[in-house]
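Student: one predicted model, sequence on top.
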Amino acid sequence: MHATGAGGNFAAVGRFTFDGKGNLTGTLFARAAGNDVELHITGTYTVHSDCTVDDTWNFSGNSSTHKSVIVDQGKGYFILNNTSGDSTIISGEARKQFAKDENDD
């Protein structure tokens, strides 16, 4: 996953795991206003029949919410921060990682 926003003063990359039961975990490496931050995230998500997703991330005593759209037949998604009261614009996209096939070089 990667995201940018906040007037160019924010960028992040990370890896998330979705358990298929509505729970997520992840690690996000962010750079905001010149500071490096590593966030360990837990949370919940709901996938809707129209391929939109609502999620909540919990980290360091804080939380944020997001709206996503699943694309490319489930191989990726676009995400937008929609945390109530947060005027920061942060968006990103993610690609599904697959386990390496034994026949891959």
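Tutor: The structure has been received and is ready for your questions.
Student: the longest strand belonging to the chain: which residues count as buried?
Tutor: The single longest strand within the chain, with elements called by DSSP state E, is strand 35-47. Using 16 or more other Cβ atoms under 10 Å as the test for burial, strand 35-47 gives 39, 41, 43, 45, 47. All C-beta atoms are positioned from the backbone trio N, CA, C, and that covers glycine.
Student: same deal with stretch 82-100?
Tutor: So, applying 16+ other Cβ under 10 Å, buried residues of stretch 82-100: 90, 92, 94.
Student: related to what we said a few turns ago, now do the longest strand of the chain: which elements does it pack against?
Tutor: strand 10-18, strand 23-32, strand 52-59 (3 or more Cβ pairs under 8 Å, 6 or more residues apart in numbering; DSSP states H and E).
Student: make TSV out of those and add mean neighbour count.
Tutor: Below are the helices and strands packed on strand 35-47 laid out as TSV (neighbours: other Cβ atoms under 10 Å):
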stretch	mean neighbour count
strand 10-18	16
strand 23-32	15
strand 52-59	17
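Student: how about JSON lines for those, with mean pLDDT and distance to Phe98 added?
Tutor: JSON lines is the format used below for those (pLDDT from 0 to 100; distance: least, Cβ to Cβ, whole Å):
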{"stretch": "strand 10-18", "mean pLDDT": "93", "distance to Phe98": "13"}
{"stretch": "strand 23-32", "mean pLDDT": "94", "distance to Phe98": "17"}
{"stretch": "strand 52-59", "mean pLDDT": "97", "distance to Phe98": "20"}
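Student: between those strands, which one is nearest to Ser84?
Tutor: Among the helices and strands packed on strand 35-47, the nearest to Ser84 by Cβ to Cβ is strand 52-59 (11.2 Å).
Student: grab the CA positions of the closest one and hand them over as CSV.
Tutor: What follows is strand 52-59, C-alpha atoms only, in CSV (Å, rounded to 0.1, in the frame of the first residue of the first chain):
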residue,chain,number,x,y,z
THR,A,52,-16.7,-0.6,-1.6
VAL,A,53,-15.0,-1.1,1.7
ASP,A,54,-15.3,0.8,5.0
ASP,A,55,-12.6,0.3,7.6
THR,A,56,-11.2,1.7,10.9
TRP,A,57,-7.6,1.6,11.8
ASN,A,58,-6.4,1.8,15.5
PHE,A,59,-2.9,2.9,16.2
